[in-house]
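fold the following, please.
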Amino acid sequence: MRDLNRRGVIGLVGGAAVAWPLAARGQQAGRPVVGLLHTQSPDVAADNLRGFRQGLKEAGFVEGESVTVEYRWAENHNERLAALASDLVRRDVAVIAATGGIPSSMAAKAATATIPILFIAGDDPVKLGLVASFARPGANVTGVNFLGAEMGAKRLGVLRELLPAAQRVGVLVNPANAETTDETLRDLETAARAMDLRIRVLTARSGAEINAAFETFARDRDDALLVGVGPPFNGRRVQLVQLATYYRIPTIYAGRQNVEVGGLISYGANLTDAYRQVGVQAASSRARSPRTCQSCSRPNSS
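Model (predicted):
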């Protein structure tokens, strides 16, 4: 099992237009309060939350001692995000870390124009309307952007190296993430033609649909499988790995967590490090100027 982990594609969107002292607002029991809004559940986000808390600690804040974190979990029900974001605004938190996907960031932005918002985005935040530009995000929003959907072609290339005789690769995507899915498929179709591969797309929005998709892949005997990014796949790691193992389908994932629970191989950004960066930024006395993490970790085996 291998995790080809690329930290170097993570970068902080410029924050010159956003500045805030953490202790200036959102006090609770004498401590500043950070709001964390997430599309999923605490168990799914456990590894990434460790990164977030590490970032806070690196900036001098320890949860429960010198800072309070108010968590709001949508539990995969994105229709709840607007109310959860509004609740954090009513509590006058110092900053909102909108995580777990673009929907939480959009909900936070719609809820407040004054409380600073930090996002984690695998898509283009300018194109999505979260920020005005990378250099000058404007308003009250900044965050960490990394390559997500754009790395689909590289994942396909890794599968080709692993299985040089492969002719057809299945691709599992969530049609509810329309923009991300479209971008992923465009890149994959171009790459597949260059590699003389055929791709066959199946969709899944839920655990039951993931089961059905694997049954179809197994029945039609695809040579390998590439799992797309975002929900529901982030929260279904064990299910995905168990199904791939049961049906003996060589599968590549976007996140190292899939490898850690027994998956074959992954290639993608270090999402836990993205959360760490957001933790550092949440605790900063002011938003920093544009920067990019330049150090890439070497591919490693696990």
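
next one, pLDDT for residue 272 please.
We have a pLDDT of 88 for residue 272.

give me the element it is part of.
Secondary-structure element containing residue 272, defined by DSSP states H and E: helix 271-282.

and that helix, what does it pack onto?
Contacting helix 271-282 under the criterion 3 or more C-beta pairs under 8 Å, 6 or more residues apart in numbering; DSSP states H and E are the following elements: helix 46-58, strand 95-99, strand 117-121, strand 141-145. In short, each C-beta sits where N, CA and C put it, glycine included.

same list, these, but as a markdown table with mean pLDDT please.
Output for those, formatted as a markdown table (pLDDT from 0 to 100):
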| stretch | mean pLDDT |
| --- | --- |
| helix 46-58 | 94 |
| strand 95-99 | 96 |
| strand 117-121 | 92 |
| strand 141-145 | 89 |
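
okay if I get those as CSV plus mean neighbour count and distance to residue 31?
Shown next, in CSV, are the helices and strands packed on helix 271-282 (neighbours: other C-beta atoms under 10 Å; distance: least, C-beta to C-beta, whole Å):
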stretch, mean neighbour count, distance to residue 31
helix 46-58, 19, 12
strand 95-99, 30, 13
strand 117-121, 27, 19
strand 141-145, 26, 23
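
out of these, the one nearest residue 74 is which?
Across the helices and strands packed on helix 271-282, residue 74 has its closest neighbour in strand 95-99 (10.7 Å, C-beta to C-beta).

could you give the angle of that closest one to helix 271-282?
170 degrees (axes from the mean of the first three to the mean of the last three C-alpha atoms, to 10 degrees).

helix or strand next in line after strand 95-99, which one?
Per DSSP H and E, strand 95-99 leads on to helix 102-111 as the next helix or strand towards the C-terminus.

what are the contacting residues of that following helix?
By C-beta atoms under 8 Å, 6 or more residues apart in numbering, the list of residues contacting helix 102-111 from outside reads 37-39, 74, 78, 81-82, 84-86, 88-89, 96, 98, 117, 119-121, 123, 125, 128, 130, 141, 143.

try 7 Å
Counting by C-beta atoms under 7 Å, 6 or more residues apart in numbering, helix 102-111 makes contact with 37-39, 78, 81-82, 85-86, 89, 96, 98, 117, 119, 121, 123, 128, 130, 141, all of which sit outside it.

list the buried ones in stretch 250-270?
Buried residues in stretch 250-270, counting neighbours by 16 or more other C-beta atoms under 10 Å, are found at 250-259, 263-270.

so of the residues you listed, which ones are in helices?
256, 257, 258, 259 (DSSP state H).

what about this structure, any weak spots by pLDDT?
Low-confidence segments of the chain (pLDDT under 70): 1-29, 147-150, 285-302.

so where's the longest helix in it?
Ranked by residue count, the top helix of the chain under DSSP H comes out as helix 178-194.

I'd like the next helix or strand past that one.
That would be, after helix 178-194 and using DSSP H and E, strand 198-203.

tell me what angle the helix holding residue 272 forms with strand 141-145.
Angle, helix 271-282 to strand 141-145, by the same axes, to 10 degrees: 150 degrees.

helix 271-282 to strand 117-121, inter-axis angle?
Going by the same axes, to 10 degrees, helix 271-282 makes 160 degrees with strand 117-121.

what does helix 271-282 rub up against?
Residues from elsewhere that reach helix 271-282, judged by C-beta under 7 Å, 6+ apart: 7, 10, 12, 34, 47-56, 58-59, 95, 97, 99, 118, 120, 143-144, 146, 255, 287.

pull out the buried residues from the longest strand along the chain.
Scanning the chain for the longest strand, with DSSP state E as the assignment, gives strand 31-38. Of the residues in strand 31-38, those with enough neighbours to count as buried (16+ other C-beta under 10 Å) are 31, 32, 33, 34, 35, 36, 37, 38.

show me what contacts the last one?
Just to be clear, that refers to residue 38. Contacts here follow C-beta under 7 Å, 6+ apart; on that basis residue 38 touches 45, 73, 74, 99, 100, 104.

quickly list what it is bridged to.
Taking DSSP bridges, one finds residue 73, residue 99 as the beta-bridge partners of residue 38.

is it true that residue 35 touches residue 89?
No - using C-beta atoms under 7 Å, residue 35 is not in contact with residue 89, being 8.4 Å away.

can I get the CA coordinates of the helix holding residue 272 in CSV?
Backbone C-alpha positions of helix 271-282 (Å, rounded to 0.1, in the frame of the first residue of the first chain) are rendered in CSV as follows:
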residue,chain,number,x,y,z
LEU,A,271,-5.6,17.5,3.9
THR,A,272,-4.6,17.2,7.6
ASP,A,273,-1.9,19.8,6.9
ALA,A,274,-4.4,22.1,5.3
TYR,A,275,-6.4,22.0,8.5
ARG,A,276,-3.2,22.7,10.5
GLN,A,277,-2.7,25.8,8.3
VAL,A,278,-6.3,26.9,9.0
GLY,A,279,-5.7,26.4,12.7
VAL,A,280,-2.6,28.6,12.6
GLN,A,281,-4.5,31.2,10.6
ALA,A,282,-7.4,31.2,13.0
